[in-house]
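Chemist: return a 3D structure for these sequence lines:
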Amino acid sequence: MIVTLYSNRSACWFHLKKYEYCVCDIQRAFFHGGCNTNIYSKLVSRLVWSYWYIGDFSKCESTLTKWKDGIGHELQDKLKKVNRNKETKFEWREYIVRRKEKKKGSNLNNENKSVRNLSAKVKMNITPQKGRHYFTTFNTETNECLLEEVAYLGVLNPEFFSTHCSYCLTPCKSSGIPCLGCSCTIYCDEQCRISAWKIYHWMECSVIPMLAIKCMELRVAVRALLTGAYELGETPQHDTTHTCTSIAKHIYQSRNSCADCSEPVGTDPKDGVYKCDYWSIFCLKTSSCVEKNSDFKNDCSWFCMLVSTIRSEVFGEEENRAKDDVASLKELLQEIFNSLNLKYLCENPNFDMDFFRNRIKTISEMKSLSKMSNVMTKIEPGQLTSMGEVIEYLLHRHYLQVPINGQSISFVTEELCDNVTVTRRDIVASAFFPTMSMMNHSCDCNTDALFNGSTVTFRSNQFIPVGAEITHCYGPSVFHASFEERQKTLKENYSFDCDCTPCAMHKSGNTDKEALHTQLRAMKCKHCCGPVELINKESSVLGKCIDMACQKTEDYTKEKDTCIMLKKRMDRTLLQESKGEITIKAAVKKLEEISTLLENVVYKNNFTRAKVWDKLSFLLCKIQDYAKAVSILEQSIKLVALKFGPKSVHTARQIFSLTSIHFMLSNYSQAAFYLRKCEPIFSRFCTPGSKDYEDMVNLKQCLKTLKVY
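Modeler: A predicted model of the protein is given here:
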């Protein structure tokens, strides 16, 4: 029975062109044995064809020779062609080791020659005050692409193991392609699976359950070291020597406290180009947090055991040691990267992959690490004399780079909960982006980031004059956090005090821009109708008018409770309308009442009003009261532009809604006018295939048909 099941599944894999899976199932069927002549003949034929399509002609020939009597004349003809195909130089190895290329072309019109993945309009600079940072060399218009980069490495959060590709980090269609060795990872296609295996998964596959429960910093550190070993193994030998020499020189200078020892920049010393390679990753700034150093000592010992297993158990070699000079340390680094590269391991005739994986799995499942006498406990540069100590130093450096330079890859998703659309932001993975890491923080940044799998694109969200610094927000911004909250978060997570323009203005007493954003959540002053900033106390809510002519402080507990009650009433009304418990006209009437009551308690620029107007205009369109919907939507657009910016996607969506209403009113000229405003924003920020982009293209085609666009 089991043989029949394996045979049937191998047939499915064969027709799906998953030939490696097909080979595995056929071998399992042969292992169990007991199949009849008909199934046996089919399995042999399928096995030969699978090896043929894979390109492994040596195994194809051996299979044909071994089971020559059990194959048909058609396959015997293949046997004659095998020798001819051997001479065609079919390099299967080159296919399985290459990295997956980007599916889409770059959005950069002209790439920088000194820093890869950066626009030619931007230049890198180094100053004692700001460190490494970017500034513009030309005037930059809104929505221009300034940086586009594929992550050097990315590590998924465990909760997304079953939904996202572990290599390119994109959501998998249907169930994805599983790993053949573990049940914790899936891939979007065969190329991703093969690339991941060749780079890092050959080792992680045996210890993925342990890696999943470890902290994110350690998982990224392990992946960085394995990815670096793969990169140095695939590049020409002189590049490997050059990188190892640079790392050895820095370690040697740090160990001996040389006067000229400073944090390396990451550019190639030969041509000064920032190449976003392992040397660039090594040069990223590390955190000085003492707690991270102590955590690493507890988490790193298991990986040192794996490295010791590779050296002693698999090859039977004693661990190498380095002398106190750069040349000896460079040779040791080369030996380390070779030991962590699958290509070099497979070239060793004594290497047995199955034995290696079983040994790694056995070691990783040990509950106690006390038996390993060569597990290092010191990570100071002064103790780097053996292979294991150098590996632990590299791991420790990458471990401390994650809090400072690790980037969270997040996606905004919408889901329907009780017939109400809920928007949430999910952090899918953590990654290293070498070029992006040199951008400084600003609480009011001049760029916006868009993630597409493991690719990040930065576009300007405003006009940036020549000479201005390019910044992005590390997390807390003036839109969502107060000055005190921003300073506290940045100090705890990134170990620096922010001196960006909004924070500097607050320190100097000039808070005009921050007050503008305060208006979006402000209550209405009882005296001057100006904006009131709320101050939460233990027993009450005080509010202070920020209008310089008023500045009166009063109790606003009742007004805040009223605002919360009206929000709940709006959600309840929308839920009742979606379930059909009330009519659309009744829901419109209730929302109009809520809008009137809100006007009495919140400031005119409070964003809650925009939320009510947006839902109200949607319901008005349902009852075909388009004229009223237009007037309400125009008011909502002003507040959305104030909160997110006039060139943001949020504003473009509101403008597109207005465009659609004018189209339904047959005001085609007005529809074309508004479509011209939102089209460049959707084209730059939305990927083809997304709902916003496709709706815009369809409406544009309709207007072109009517010859008004």
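
Chemist: check what pLDDT Arg255 gets.
Modeler: What the model reports as pLDDT for Arg255 is 68.

Chemist: kindly report the same for the one 5 residues further on.
Modeler: We have a pLDDT of 52 for Asp260.

Chemist: again, but for Tyr152
Modeler: Per-residue pLDDT puts Tyr152 at 91.

Chemist: identify the residue nearest it in space, chain neighbours excluded?
Modeler: On the basis of C-beta to C-beta, 6 or more residues apart in numbering, the spatially nearest residue to Tyr152 that is not a chain neighbour turns out to be Phe432, at 4.6 Å. Where C-beta positions appear, they are placed from N, C-alpha and C, glycine not excepted.

Chemist: give me the number of residues near that neighbour?
Modeler: As a burial measure, Phe432 scores 25 neighbours (other C-beta atoms under 10 Å).

Chemist: what residue ranges in the stretch 551-700 of the chain score low on pLDDT?
Modeler: Within the stretch 551-700 of the chain, not a single segment meets pLDDT under 70.

Chemist: strands along that one, start to end?
Modeler: Taking DSSP state E, counting those that start in this stretch, the strands of the stretch 551-700 of the chain run over residues 553-555.

Chemist: what does the stretch 351-500 of the chain give?
Modeler: For the stretch 351-500 of the chain, the strands defined by DSSP E, counting those that start in this stretch cover 406-417, 420-432, 440-441, 447-452, 455-460, 469-472.

Chemist: so which of the ones you listed comes closest to Leu703?
Modeler: strand 455-460 (25.7 Å; C-beta to C-beta).

Chemist: residues contacting the closest residue to Cys179 other than its chain neighbours?
Modeler: The shortest distance from Cys179 to any residue other than its chain neighbours is 4.7 Å, reached at Thr185 (C-beta to C-beta, 6+ apart). Thr185 sits next to Phe161, Ser166, Pro178, Cys179, Ala196, His201, Cys205, Ile208 when contact means C-beta atoms under 8 Å, 6 or more residues apart in numbering.

Chemist: checking the second one next. Helix, strand or coil?
Modeler: Using DSSP: H, G, I helix; E, B strand; the rest coil as the criterion, the local structure at Ser166 reads coil.

Chemist: the residue nearest to Tyr152 pairs with what?
Modeler: Here Phe432 shows beta-bridge partners Leu153, Gly406, assigned using DSSP bridges.

Chemist: who's in contact with it?
Modeler: Counting by C-beta under 8 Å, 6+ apart, Phe432 touches Ala151, Tyr152, Leu153, Gly154, Val220, Ala224, Ile281, Leu284, Gln401, Asn405, Gly406, Gln407.

Chemist: gap between the two ends of stretch 547-567?
Modeler: Using C-alpha to C-alpha, to the nearest Å, the end-to-end distance of stretch 547-567 comes to 26 Å.

Chemist: now the contacts of Phe432 in TSV, with neighbour count?
Modeler: Formatted as TSV, the contacts of Phe432 follow (neighbours: other C-beta atoms under 10 Å):
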residue	neighbour count
Ala151	22
Tyr152	22
Leu153	21
Gly154	24
Val220	22
Ala224	26
Ile281	23
Leu284	23
Gln401	23
Asn405	20
Gly406	20
Gln407	21
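
Chemist: how about those residues in a markdown table, adding distance to Val456?
Modeler: Putting the contacts of Phe432 into a markdown table (distance: C-beta to C-beta, whole Å) gives the following:
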| residue | distance to Val456 |
| --- | --- |
| Ala151 | 7 |
| Tyr152 | 12 |
| Leu153 | 13 |
| Gly154 | 10 |
| Val220 | 16 |
| Ala224 | 18 |
| Ile281 | 16 |
| Leu284 | 16 |
| Gln401 | 17 |
| Asn405 | 13 |
| Gly406 | 13 |
| Gln407 | 7 |
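
Chemist: let me know the closest of these to Tyr494.
Modeler: For these, the nearest to Tyr494 is Asn405 (9.7 Å; C-beta to C-beta).

Chemist: quick check, that closest one in contact with Phe282.
Modeler: No. Between Asn405 and Phe282 there is no contact under C-beta atoms under 8 Å: 11.4 Å.

Chemist: tell me the buried residues in the host helix or strand of Val44?
Modeler: Secondary structure from DSSP states H and E places Val44 in helix 37-54. Using 16 or more other C-beta atoms under 10 Å as the test for burial, helix 37-54 gives 39-52, 54.

Chemist: what is that helix packed up against?
Modeler: Applying 3 or more C-beta pairs under 8 Å, 6 or more residues apart in numbering; DSSP states H and E, one finds that helix 37-54 contacts helix 2-15, helix 19-32, helix 57-66, helix 73-86.

Chemist: try 6 Å
Modeler: Applying 3 or more C-beta pairs under 6 Å, 6 or more residues apart in numbering; DSSP states H and E, one finds that helix 37-54 contacts helix 2-15, helix 19-32, helix 57-66.

Chemist: quickly list what Gly131 is bridged to.
Modeler: Beta-bridge partners of Gly131, as defined by DSSP bridges: Thr127.

Chemist: give me the number of residues near it?
Modeler: When neighbours are counted by other C-beta under 10 Å, Gly131 registers 13.

Chemist: what do you get for Phe356?
Modeler: As a burial measure, Phe356 scores 18 neighbours (other C-beta under 10 Å).

Chemist: Glu593 now?
Modeler: The tally of other residues near Glu593 (other C-beta under 10 Å) stands at 13.

Chemist: helices of the stretch 151-300 of the chain, start to end?
Modeler: Secondary structure of the stretch 151-300 of the chain (DSSP state H, counting those that start in this stretch): helices located at 190-196, 202-213, 216-234, 237-255, 278-282, 290-299.

Chemist: lowest-confidence helix or strand of the chain?
Modeler: One helix or strand of the chain scores below all others by mean pLDDT, DSSP states H and E: helix 92-97, with a mean of 32.

Chemist: roughly how far does Ala29 sit from Glu392?
Modeler: 45 Å (C-beta to C-beta, to the nearest Å).

Chemist: so which of the strands of the stretch 351-500 of the chain is nearest Phe685?
Modeler: The closest of the strands of the stretch 351-500 of the chain to Phe685 is strand 447-452. By C-beta to C-beta, the value is 5.9 Å.

Chemist: pull the CA atoms of the closest one into CSV?
Modeler: Only the C-alpha atoms of strand 447-452 are listed here, as CSV (Å, rounded to 0.1, in the frame of the first residue of the first chain):
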residue,chain,number,x,y,z
THR,A,447,10.8,60.1,2.5
ASP,A,448,8.3,57.3,2.6
ALA,A,449,9.2,53.6,2.5
LEU,A,450,7.3,50.9,0.6
PHE,A,451,8.1,47.2,1.1
ASN,A,452,7.5,44.6,-1.6
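
Chemist: any idea of the mean pLDDT in it?
Modeler: The average pLDDT within strand 447-452 is 84.

Chemist: in its sheet, what does it sit against?
Modeler: strand 455-460 (antiparallel).

Chemist: name the residues that touch the partner strand?
Modeler: Contacts to strand 455-460, defined as C-beta atoms under 6 Å, 6 or more residues apart in numbering, come from residues 107, 140, 142-150, 447-450, 684.

Chemist: my read: Ala595 touches Val612, true?
Modeler: One thing to correct before we go on: residue 595 is Ser, not Ala. Yes. In this structure, Ser595 is within contact of Val612 by C-beta atoms under 6 Å, at 5.1 Å.

Chemist: got a list of what Ser657 touches?
Modeler: Residues near Ser657 by C-beta under 6 Å, 6+ apart: none.

Chemist: return the distance of it relative to Asp448.
Modeler: Computed as C-beta to C-beta, the Ser657 to Asp448 distance reads 21 Å.

Chemist: save the strands of the stretch 351-500 of the chain as CSV, and put in distance to Ser482 too.
Modeler: What follows is these, written out as CSV (distance: least, C-beta to C-beta, whole Å):
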stretch, distance to Ser482
strand 406-417, 22
strand 420-432, 20
strand 440-441, 17
strand 447-452, 22
strand 455-460, 26
strand 469-472, 20
